[in-house]
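Chemist: A structural model of the following input is requested.
(one chain, ligands or ions: 1)
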Amino acid sequence: MTAQFWRKLPNGHVQCRLCSQFCTIPSGERGFCGVRANNGKGVLYSLVEGGVGALNLDPVEKKPLYHYLPGTTTLSFGTPGCNFACLFCQNATLSHEAREKGEARLQRISPQTLVAEARRSGASSLSFTYSEPTVFFELMAQTADAARQAGLGTIMVSNGFQSPEALSALRDRIQAANIDLKSFREDFYRETCQGRLAPVLDNLKTMRAFGWWVEVTTLLIPGLNDSSEELRELARFIVQELGQGVPWHISRFRPAFRMQYASPTPLADLERAARIGQEEGLHFVYLGNVAPQAWEGTFCPNCGQKLLARAGFITQGLPFDGRCACGERIPGIWSRA
Ligand code: SF4
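Modeler: Just a heads-up that it's a prediction; the model follows:
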């Protein structure tokens with residue numbers, strides 16, 4: 001299928017403008033993500049439209065989203081391909097196979113069937129996730145349109161590296177997002193992910209301006225992005241640019257992909273990061289990928305009352321209307337409109 005967001009260049013080349021890699025793609029070749037190709041005639045094609053590489057019914061807490069329709073399920077899918085190349089990728093089979101092996105294996109399924117399946121299974125939303133949904137923009141957009149028509153929510157779990165024009169096209173299609181803020185250092189993004197930090201920061205601000213419900217996730221990797229100084233800057237950015245009420249999920253790293261040699265994140269470092277988030281003024285800091293611990297619940301920032309407890313992906317204390325007994329409103333989307 002012909003792709004969106006690209007332009008012709010001289011000599012049969014094209015420039016893909018879907019994400020902030022802005023790849024120049026010679027005739028017959030693929031972009032960095034491995035799933036957008038110049039067809040040899042100077043036209044850009046998506047290799048992942050009309051099918052998925054992974055499809056599951058997940059608790060919404062698994063995205064992770066803790067302040068968006070807790071206790072509901074979300075029909076989640078992704079395709080092969082990714083516009084980053086993170087050395088620590090936790091989902092490498094789906095994300096990197098297309099780039100490394102030149103394959104994009106798909107289970108054919110239409111947007112309408114995905115939405116029908118979501119309704120049949122009782123899901124409250126559809127999630128564009130697992131790999132990087134930007135690279136399957138066309139499928140995401142078509143499915144989001146069908147989902148909104150059917151009264152279902154739409155969730156994007158992303159590295160936040162869309163081009164400005166692609167992000168604008170998602171404005172009315174996405175209701176909630178969990179965005180990775182992998183580090184607060186340009187050199188980390190460049191050397192460890194082959195991406196850039198600045199577009200991610202800009203896009204996070206844009207998503208908030210759109211009115212999306214946004215939660216942020218940082219995978220804490222020992223020795224790479226875990227200095228107190230960097231974490232403090234990152235938390236300060238969330239507070240000052242996105243808001244104190246934006247939840248920050250700090251996730252435990254486990255050895256994966258090109259970083260099999262690295263150690264899992266010690267619990268003490270996760271807790272240090274969480275305390276830094278609180279000290280900088282964040283109201284909702286959560287730890288993920290770890291056994292039960294003190295940073296799973298949602299507490300009222302005004303009176304300290306525990307409002308929601310969590311055990312794994314189970315939320316306790318529902319239904320919750322988003323208001324503490326003291327009158328404080330807890331930011332989030334707590335029920336379907
Ligand atoms: S989506 Fe991004 S990585 Fe893929 S071809 Fe387009 S600009 Fe390159």
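
Chemist: roughly how far does the closest residue to the ligand within the stretch 51-200 of the chain sit from residue 324?
Modeler: Using C-beta to the nearest ligand atom, the closest approach of the stretch 51-200 of the chain to the ligand is made by residue 83 at 3.8 Å. (C-beta placed from N, C-alpha, C; glycine too.) Per C-beta to C-beta, to the nearest Å, residue 83 is found 40 Å from residue 324.

Chemist: partner residues bridging residue 176?
Modeler: residue 155, residue 213 (DSSP bridges).

Chemist: residue contacts, it?
Modeler: 65, 68, 125, 153, 154, 155, 156, 212, 213, 214, 215, 333 (C-beta atoms under 8 Å, 6 or more residues apart in numbering).

Chemist: and of those residues, the nearest to residue 263?
Modeler: For the contacts of residue 176, the closest approach to residue 263 (C-beta to C-beta) belongs to residue 215, at 26.6 Å.

Chemist: can you give me the pLDDT of that closest one?
Modeler: With respect to pLDDT, residue 215 has a value of 98.

Chemist: isn't it right up against residue 246?
Modeler: Yes: Residue 215 lies in contact with residue 246 (C-beta atoms under 8 Å); the separation is 6.6 Å.

Chemist: closest approach to the ligand from this protein, which residue is it?
Modeler: residue 31 (2.1 Å).

Chemist: didn't that residue look like it was pressed against residue 15?
Modeler: No: in this structure, residue 31 is not within contact of residue 15 by C-beta under 8 Å, at 9.5 Å.

Chemist: what helix or strand does the closest residue to residue 311 other than its chain neighbours sit in?
Modeler: What sits nearest to residue 311 in space, not counting adjacent residues and going by C-beta to C-beta, 6 or more residues apart in numbering, is residue 292, at 6.5 Å. Using DSSP states H and E, residue 292 falls within no helix or strand.

Chemist: tally up the residues packed near residue 292, please.
Modeler: Per other C-beta atoms under 10 Å, the neighbour tally for residue 292 reads 10.

Chemist: likewise for residue 218?
Modeler: 24.

Chemist: sorry, back to before: would you mind telling me which of residue 83 and residue 324 has more residues around it?
Modeler: Higher neighbour count among residue 83 and residue 324: residue 83, with 29 against 19, using other C-beta under 10 Å.

Chemist: check contacts around the more buried one.
Modeler: Residue 83 touches 19, 21, 32, 33, 132, 134, 135, 159, 161, 195, counting by C-beta under 8 Å, 6+ apart.

Chemist: quick check: closest non-adjacent residue to the first one.
Modeler: Setting aside the residues directly before and after it, residue 19 is nearest to residue 83 in space (C-beta to C-beta, 6+ apart), at 4.6 Å.

Chemist: so that neighbour sits in a helix?
Modeler: No: read with DSSP: H, G, I helix; E, B strand; the rest coil, residue 83 is coil and lies in no helix.

Chemist: for it, grab phi and psi.
Modeler: phi -90, psi 0 (degrees, to the nearest 10).

Chemist: residue 162 too?
Modeler: Dihedral angles (degrees, to the nearest 10) for residue 162: phi -60, psi 160.

Chemist: surely residue 255 meets residue 265?
Modeler: No: taking contacts as C-beta under 8 Å, residue 255 lies outside contact range of residue 265: 10.6 Å.

Chemist: and those two? Which one has more around it.
Modeler: residue 265 (22 against 13).

Chemist: host element of that one?
Modeler: Counting by DSSP H and E, residue 265 is found in no helix or strand.

Chemist: just checking, it touches residue 226?
Modeler: Yes: applying C-beta under 8 Å as the test, residue 265 and residue 226 come out as touching, 7.4 Å apart.

Chemist: which residues are common contacts for those two?
Modeler: residue 220.

Chemist: how about the lowest-mean-pLDDT helix or strand in the chain: buried residues?
Modeler: None of the helices or strands of the chain scores lower by mean pLDDT, DSSP states H and E than helix 92-101, at a mean of 80. If you call a residue buried by 16 or more other C-beta atoms under 10 Å, then helix 92-101 has these buried ones: 92, 94, 95, 96, 97, 98, 99.

Chemist: kindly reformat the contacts of residue 83 as CSV containing pLDDT.
Modeler: Formatted as CSV, the contacts of residue 83 follow (pLDDT from 0 to 100):
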residue, pLDDT
19, 98
21, 98
32, 96
33, 96
132, 96
134, 98
135, 97
159, 98
161, 98
195, 98
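
Chemist: top of those by neighbour count?
Modeler: Per-residue neighbour counts (other C-beta under 10 Å) across the contacts of residue 83 peak at residue 135, which has 32 neighbours.

Chemist: is it true that that residue lies in a helix?
Modeler: Yes: applying three-state DSSP, one finds residue 135 inside a helix.

Chemist: quick check, it in contact with residue 18.
Modeler: Yes: between residue 135 and residue 18 a contact is recorded at 7.3 Å, counting by C-beta under 8 Å.

Chemist: what do these two both touch?
Modeler: By C-beta under 8 Å, 6+ apart, the residues touching both residue 135 and residue 18 are residue 36.

Chemist: what ranges does the stretch 51-200 of the chain have for its helices?
Modeler: Assigned by DSSP state H, counting those that start in this stretch, the helices in the stretch 51-200 of the chain fall at 92-101, 111-120, 137-149, 164-170, 186-188, 197-210.
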